[in-house]
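Peer 1: Below are the sequence and a predicted model for it; my questions follow.
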Amino acid sequence: MSSDTSTEADTVVQPRVVPGRAAVAGQGPATLRAEAVSAWFGDHKVLDRVSLTMPARRVTALIGPSGCGKSTFLRILNRMHELVGSASLAGRVLLDEQDIYDRGRRITRARREIGMVFQKPNPFPAMSIYDNVLAGLKLNAIKATRDGKDDLVAECLTKAGLWSEVKDRLRQPGGALSGGQQQRLCIARSLAVRPRVLLMDEPCSALDPTSTRRIEETIAELKSEVTIVIVTHNMQQAARVSDTCAFFLASHGTPGVIVEHGDTDAMFDSPQDERTSDYVNGRFG
Ligand code: ADP
Ligand code: MG
């Protein structure tokens, strides 16, 4: 931890892995709240006391230039940050007011309740579309009957906006799909364990405009069932898909902070901070 940027109020949470069974299934969309989250890689502090409420049944967009800590913040929200050996963090993350870093809580439960979709679609390429959707069940030791599996596959592919395109070829490998379809398959896979929050880190940046629009439609349809937090570099996308927005910035090598957050329309139409105005209008970043 670097002494110049941290304070004694920072309590560093040590990475901790608790083996064990998966917890019970989620209970619908939850509000996720970060409280004074700071993060380090070794001595390098990359986030400084970031607080943000990501309301249930809303899409929250995280915007800001590269390197300001958006992905790090997202990984802290589902306990993936602690997988990096040199990583440490301070602060709290509350899922419906329950601290996901609480010592009594299993790490597997946080990852199950708070799913993640990455920039590059990462289905298991040789595994069938059907088995890809169910892959998270095995990892979480969730049992399902044959009929239950069929129903779950259909339900999740429908929610991810992919069902009509793949229903006749569920046994084909996931790797045979187009990039946009693979990303929707990854969304279906995330949904199968019934997360309460879905984190998406630039989910469209490797996709063509048509696939991008398809994913954006999917996000709009999903938000009634799962809280969504999306990192995007595309300002039009942030304006189109999100209800609330947070602008991150790390100026001149200082750790990332949230400069401004609030209602997306207000952030774009009448930002309070000049730096937000410059960024959303494409004057830097
Ligand atoms: P963003 O997603 O906004 O582009 P990141 O969260 O990826 O930003 O990175 C924030 C800072 O943390 C950057 O300075 C980056 O170099 C650093 N960083 C990210 N991941 C690691 C890592 N695994 N090890 C060391 N430093 C890292
Ligand atoms: Mg990133």
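Peer 2: Sure thing, it's come through. Ligands and ions are numbered 1, 2, ... in the order given.

Peer 1: any idea where the helices of the stretch 1-150 of the chain begin and end?
Peer 2: Secondary structure of the stretch 1-150 of the chain, counting by DSSP state H, counting those that start in this stretch: helices at 70-77, 107-113, 129-139, 146-159.

Peer 1: State the mean pLDDT of the shortest one.
Peer 2: What that stands for is helix 107-113. In this model, helix 107-113 has a mean pLDDT of 91.

Peer 1: The spatially most central residue of the chain: what's it in contact with?
Peer 2: The centre of the chain sits closest to Leu199, judged by Cα atoms, centre = their mean, with a distance of 1.3 Å. For Leu199, the contact set (Cβ atoms under 8 Å, 6 or more residues apart in numbering) comprises Leu74, Leu77, Asn78, Ile114, Gly115, Met116, Val117, Val229, Ile230. The C-beta positions use only the backbone N, C-alpha and C, and glycine is treated the same way.

Peer 1: Tell me which residues are up against stretch 128-135.
Peer 2: Against stretch 128-135 from outside (Cβ under 8 Å, 6+ apart): 123-124, 127, 144, 149, 152-153, 156-157, 166, 169-174, 177, 185, 188-189, 192.

Peer 1: Of these, which ones also sit close to ligand 1?
Peer 2: Residues of the contacts of stretch 128-135 in contact with ligand 1 (Cβ under 6 Å from any ligand atom): none.

Peer 1: Show me what the mean pLDDT comes to for stretch 234-247.
Peer 2: pLDDT averaged over stretch 234-247 gives 97.

Peer 1: Report whether it contacts ligand 1.
Peer 2: No: Stretch 234-247 does not reach ligand 1 (Cβ under 6 Å from any ligand atom); its nearest approach is 11.4 Å.

Peer 1: Now the terminal residues of that stretch, how far apart.
Peer 2: By Cα to Cα, to the nearest Å, the extent of stretch 234-247 from end to end equals 13 Å.

Peer 1: and among the helices of the stretch 1-150 of the chain, the most buried is which?
Peer 2: Each of the helices of the stretch 1-150 of the chain was scored by mean neighbour count; the highest is helix 70-77, a mean of 23, by mean count of other Cβ atoms under 10 Å.

Peer 1: Only alpha carbons, please: show that one as PDB.
Peer 2: Provided in PDB are the C-alpha atoms of helix 70-77 (Å, rounded to 0.1, in the frame of the first residue of the first chain):
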ATOM      1  CA  LYS A  70     -13.200   0.500 -14.200                       C
ATOM      2  CA  SER A  71     -12.300  -3.200 -14.700                       C
ATOM      3  CA  THR A  72     -10.600  -3.300 -11.300                       C
ATOM      4  CA  PHE A  73     -13.800  -1.900  -9.700                       C
ATOM      5  CA  LEU A  74     -16.000  -4.400 -11.600                       C
ATOM      6  CA  ARG A  75     -13.800  -7.300 -10.400                       C
ATOM      7  CA  ILE A  76     -14.000  -6.100  -6.800                       C
ATOM      8  CA  LEU A  77     -17.800  -6.200  -7.100                       C
END
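
Peer 1: Which residues does that helix contact?
Peer 2: So helix 70-77 is in contact with 32, 34, 37, 39, 46-47, 50, 62-64, 81, 89, 93, 114, 116, 197, 199, 201, 229, 231, 248, 256, going by Cβ under 8 Å, 6+ apart.

Peer 1: ok, back up a step: of the contacts of Leu199, buried ones?
Peer 2: Burial by neighbour count, 16 or more other Cβ atoms under 10 Å: within the contacts of Leu199 this picks out Leu74, Leu77, Asn78, Ile114, Gly115, Met116, Val117, Val229, Ile230.

Peer 1: Pull out the buried members of the contacts of stretch 128-135.
Peer 2: Neighbour-count burial (16+ other Cβ under 10 Å) applied to these gives 123, 149, 152-153, 156-157, 166, 170, 173-174, 177, 185, 188-189, 192.
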